[in-house]
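Peer 1: With the input below, show me the fold.
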Amino acid sequence: QVRLADSGGGLVQPGGSLRLSCVVSGRTLSYFATAWFRQAPGKEREFVGGMSWTGRSTYYRNSVEGRFTISRDLGQSTVYLQMNNLQPEDTAIYYCALNDRRFGTIETGIGDYNFWGQGTQVTVSS
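Peer 2: Numbering: from 1, shown residues only. Okay, here's the model as predicted:
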């Protein structure tokens, strides 16, 4: 059974930082591409960034490039999203996702991912 458990959200002031975690069970993380999405109130879920199955490639949406960083710890089977210089427009529920195709590349579509975390709320406000 595949399970993604994301956590680490919270309330932070503009300019602050948070690190989200996603623990993956039921799959060997080193074989699969992963990604983070977010959904703000009243908006569609959108791609934030992704990591290839090798872990050597990452790709981000323009609005977070240079502020957000995806990494992973294979020993802990965990994917991270480090978010710096957070802004109010980053407020959303954040979800980690796994593409169940082995050796897959980074995809940006919601339909490309088979398994999802339950989501963790990030609120950026003064």
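Peer 1: secondary structure element for the most centrally placed residue in the chain?
Peer 2: The centroid of the chain falls nearest to W36 when counting by C-alpha atoms, centre = their mean (2.3 Å). Following DSSP states H and E, one finds W36 within strand 34-39.
Peer 1: ok, how many other residues are close to G109?
Peer 2: For G109, the number of neighbouring residues by other C-beta atoms under 10 Å comes to 10. (C-beta placed from N, C-alpha, C; glycine too.)
Peer 1: how close does it get to A97?
Peer 2: Distance check for G109 against A97: by C-beta to C-beta, to the nearest Å, it reads 10 Å.
Peer 1: Ok, T34 next?
Peer 2: 7 Å.
Peer 1: What of T78?
Peer 2: 14 Å.
Peer 1: Among those two, which residue is more densely surrounded?
Peer 2: A count of neighbours by other C-beta under 10 Å puts A97 above the other of T78 and A97, at 25 against 17.
Peer 1: in which helix or strand would I find that one?
Peer 2: strand 92-98.
Peer 1: Given that strand, what are its sheet partners and their directions?
Peer 2: Using DSSP bridges, strand 92-98 pairs in its sheet with strand 34-39 (antiparallel), strand 115-116 (antiparallel), strand 120-124 (antiparallel).
Peer 1: now for the helix or strand just after the first one, which elements pack on it?
Peer 2: The reference is to strand 34-39. On the C-terminal side of strand 34-39, the closest following helix or strand by DSSP H and E is strand 46-51. With contacts defined as 3 or more C-beta pairs under 8 Å, 6 or more residues apart in numbering; DSSP states H and E, strand 46-51 has these neighbours: strand 34-39, strand 58-60, strand 68-73, strand 78-83.
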